[in-house]
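> Give me a 3D structure for the following:
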Amino acid sequence: MTSAPQRRPAGGSPDDPADGAVPRRRSLSTLRERWRAFSAGLHEFYVAPYRRTFARARRDEDDLFRLLVMSEMLGVPNPASYYTAELLPVLYDGFHDWHRRMGMERSPLENYRCC
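Numbering: from 1, shown residues only. Next up is the predicted model:
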């Protein structure tokens, strides 16, 4: 049994296949890109209908947190007011939007007027 010698095109590198097939590395990277695109598409397909629900739940949690931090200023005793006092400056930025969402036309705080 004699084996036939392999033919290479003139001037080609030894790594390039003689029949013009795509090298293995290129096909793997293309497969990875396709898999990532497919995965991103599936993620978007399953998450998109619930995006508004997730945003509403996050906003409700933020509103509850804001209420707990500002409870001492609103007249509700808060045992953790010592620890939450340093968070007040961070929460003042969104205070106007919060009290409007809660149905209050004016700011409920006497010492803080935003409207």
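> pLDDT below threshold where in the chain?
1-26, 28, 108-113, 115 (pLDDT under 70).
> So which residues of it form helices?
24-47, 51-69, 71-74, 81-84, 88-91, 95-101 (DSSP state H).
> And the second one, what's buried?
The one in question is helix 51-69. In terms of neighbour count (16 or more other C-beta atoms under 10 Å), helix 51-69 has its buried residues at 66, 69. Using the backbone N, CA and C atoms, a C-beta is placed for each residue, glycine as well.
> ok so, going back, distance to Cys114 for the helices of the chain - can I get that in TSV?
Formatted as TSV, these follow (distance: least, C-beta to C-beta, whole Å):
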stretch	distance to Cys114
helix 24-47	34
helix 51-69	13
helix 71-74	13
helix 81-84	19
helix 88-91	12
helix 95-101	4
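> which stretch among those helices comes nearest Ser107?
Evaluated with C-beta to C-beta, those place helix 95-101 nearest to Ser107, the distance being 5.8 Å.
> Work out the gap between the closest one and the centre of the chain.
24 Å (C-alpha atoms, centre = their mean, to the nearest Å).
> And stretch 83-95, by the same measure?
24 Å.
> Give me the contacts around that stretch.
66, 68-70, 72-73, 78, 107, 112, 114 (C-beta atoms under 8 Å, 6 or more residues apart in numbering).
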